[in-house]
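**Student:** Fold the following and give me the result.
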Amino acid sequence: MNAHVLVSLAHLLIFLPALLYIGFMRSSIPYSVYYVILAMGIFIALYHFMKTIKKIQAGATSSVWVNILHVLAVAPLLIYIGTKKNDSRREAYELLLILAFGGVGYHLYSLILETQVYKD
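**Tutor:** Numbers count the residues shown, from 1 in each chain. Next up is the predicted model:
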């Protein structure tokens, strides 16, 4: 199994369901989970920032947009929600849902392409 399949499966089975849970539950989330959301946001920002730098230095800029999207959209939303907790604005949760549903579509499509068998 190649790395792209594993990344897609991890997103579809773990990360995106977590974002959907946050987006749907909104202020009904247990208070302690906000600390996990904040930690996730900080981790995502740091991890994808480092991946962005490495890809640019290596000249592999064709897929750098994925990392930039995580740094500029996903991580700030999680950090905002984790910091504001129950006072987070409704728009933050809706933007998170938009990104999560987009991620589901993207990773399903990617998984289909990676596992497709071509017959000549």
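**Student:** how deep is M40 tucked in, by neighbour count?
**Tutor:** A count of neighbours around M40, defined by other CB atoms under 10 Å, yields 20. Bear in mind the C-beta positions are built from the backbone N, C-alpha and C, glycine included.
**Student:** give the contact list for the closest residue to it other than its chain neighbours.
**Tutor:** Of all residues beyond its chain neighbours, the one nearest M40 is L78 (5.4 Å), with distances taken as CB to CB, 6 or more residues apart in numbering. For L78, the residues meeting the contact criterion (CB atoms under 8 Å, 6 or more residues apart in numbering) are I22, I37, L38, M40, G41, I44, L96.
**Student:** Against I79, how distant is the second one?
**Tutor:** Noted for I37: a distance of 8 Å to I79, by CB to CB, to the nearest Å.
**Student:** can you check the fourth one too?
**Tutor:** Using CB to CB, one gets 9 Å for the distance from M40 to I79.
**Student:** Just to check, I79 is in contact with A45?
**Tutor:** Yes: look at I79 against A45 with CB atoms under 8 Å: they come within range, at 7.0 Å.
**Student:** Next, the residue nearest to M40: secondary structure please.
**Tutor:** Three states are possible here, and by DSSP: H, G, I helix; E, B strand; the rest coil the one that applies to L78 is helix.
**Student:** all numbers from here: first residue = 5
**Tutor:** Let's use 5 as the start, then, which means that last one is L82.
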